[in-house]
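S.K.: pasted the sequence and its predicted model underneath.
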Amino acid sequence: MATMDKQRRAEFLSRMTGIMNGGALSLMCSIGHKTGLFDTMSSMEPATSHEIAEAAGLNERYVREWLAAVSAGGVVDYDAEAGTFHLPPEHAGLLTRASGPLNLTTYCQYVALLGQVEDEVVTAFREGGGVPYDRFPAFQTLVAESSGQRLDKALISQVVPLLPGGYDRLAAGIDVADVGCGSGRALNLLAAEFPQSRFTGFDIAEHALERGRAMAAERGSTNITFEAADAAQIAHNEEFDLITTFDAIHDQAKPDTVLKAIFNALRPGGTYLCVEPKASSHLHENLDLPMAPMMYTISTMHCMTVSLAYDGDGLGTAWGEQLAIEKLTDAGFVDIQVGGIADDRANTYFVMNKPGGPG
Ligand SMILES: C[S@@+](CC[C@H](N)C(=O)[O-])C[C@H]1O[C@@H](n2cnc3c(N)ncnc32)[C@H](O)[C@@H]1O
């Protein structure tokens, strides 16, 4: 029998305790976000549970228990003598809606969401297959919220400049498609900024498209349409000058077919922007990424399993840069540029062309 390294065991016990507490606190941070407690506390001086509950319009007993959990977890400061709780500004900047893309509580919501399908994922471990999209009814809303806080801040100012001729081409008027557009936030932002261009969103989730349509109607944008379509079978040939995918290739059942469909839908000389989670295709190069455990967990319990549910390739969230370049090249794309933006450290921005076109 191997000898036990007691020091190593003690360290791991401490690590496991941290894991259990971290999982639990993710739920508390998610609740702090959904109830608006962090937003409320960010503008309050140190206050009692009664004052905080009243300011947030919530039940005091629940708020007091939540405050105990987040104080014990070092999220909120507790003054035992005064009986008050305070959210320090250094923490508020990472926990509130006002923090935009830095609001990490949005991502804390994934723990509860993925927990809803845990038993089905366990069954898939035993029997193969996967958990299909319709078992994640709240997923679209959550993705829209987390990607939305990034897109609102950076789409026009940081992402558009990555595209060849970026702002000018869009301002002059081109045909743009977003494949796997979800709730259509990216397209709605672009459609409002570039009224001369025409925008089409494709997704299989009709309820997500409905939200995209509602946002377009609210903003009075008439240059945007949403089509329910399987990305592997886009019935458009050489009709777009620019196609984008945001976080929408790795969970496809047939990513190669989708990339080929995108290639065919582009006009010669057209541009494809493919945004995918920042990762290497080699596990050992991902181990030190700050969010690697979260990335592989979301993959196991959503991105990979939805693909396998449709007998797909199951690429996984961390399919990575090397494999992406290989597949993009196989689809026919050229001049593949690998980049990123300041306000989105978690994704890689691949920009490339379809050969041909004027000149
Ligand atoms: C992770 S979400 C990203 C949504 C959106 N692009 C965003 O960033 O907020 C992936 C999207 O791809 C869509 N999708 C998955 N498979 C698809 C397929 N075969 N055809 C069209 N859309 C698909 C899903 O419904 C989902 O909206």
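M.R.: Okay, I see it. Numbers count the residues shown, from 1 in each chain.
S.K.: stretch 7-21: how far from the chain's middle?
M.R.: Taking Cα atoms, centre = their mean, to the nearest Å, the mean C-alpha location of stretch 7-21 is offset from the chain mean by 29 Å.
S.K.: give the rounded mean pLDDT of it.
M.R.: Mean pLDDT, computed over stretch 7-21, is 97.
S.K.: do the same with stretch 87-106
M.R.: Rounded mean pLDDT across stretch 87-106 is 96.
S.K.: what's next to that stretch, contact-wise?
M.R.: Under the criterion Cβ atoms under 8 Å, 6 or more residues apart in numbering, residues 29-30, 32-33, 38-39, 41-42, 44, 75-77, 142, 145-146, 149-150, 152-154, 343-344 lie in contact with stretch 87-106. Where C-beta positions appear, they are placed from N, C-alpha and C, glycine not excepted.
S.K.: drop anything exposed from the residues you listed.
M.R.: Of the members of those, the ones counted as buried by neighbours, 16 or more other Cβ atoms under 10 Å, are 29-30, 32-33, 38-39, 41-42, 75-76, 142, 145-146, 149-150, 153-154, 343-344.
S.K.: how many residues are close by residue 168?
M.R.: Residues within reach of residue 168, counting by other Cβ atoms under 10 Å, total 8.
S.K.: spit out the contact partners of residue 55.
M.R.: Contacts for residue 55 (Cβ under 8 Å, 6+ apart) come out as 40, 44, 47.
S.K.: are we agreed that it is in a strand?
M.R.: No. Assessed by DSSP: H, G, I helix; E, B strand; the rest coil, residue 55 does not belong to a strand; its assignment is helix.
S.K.: and it, how far from residue 65?
M.R.: Per Cβ to Cβ, to the nearest Å, residue 55 is found 17 Å from residue 65.
S.K.: average pLDDT for stretch 142-150?
M.R.: According to the model, stretch 142-150 has a mean pLDDT of 89.
S.K.: touching that stretch from outside, list them.
M.R.: So stretch 142-150 is contacted by 100-101, 103, 106-107, 109-110, 113, 182-183, 185-186, 208, 211, 246-247, 343-344 (Cβ under 8 Å, 6+ apart).
S.K.: does the ligand sit close to stretch 214-226?
M.R.: No. If you take Cβ under 6 Å from any ligand atom as the test, stretch 214-226 misses the ligand, and the best it gets is 11.3 Å.
S.K.: in that stretch, what counts as buried?
M.R.: For stretch 214-226, a neighbour-count test (16+ other Cβ under 10 Å) marks 215, 216, 221, 223, 224, 225, 226 as buried.
S.K.: contacts only, for residue 179.
M.R.: Taking Cβ under 8 Å, 6+ apart as the test, what residue 179 contacts is 202, 203, 231, 234, 243, 244, 245, 248, 258, 262.
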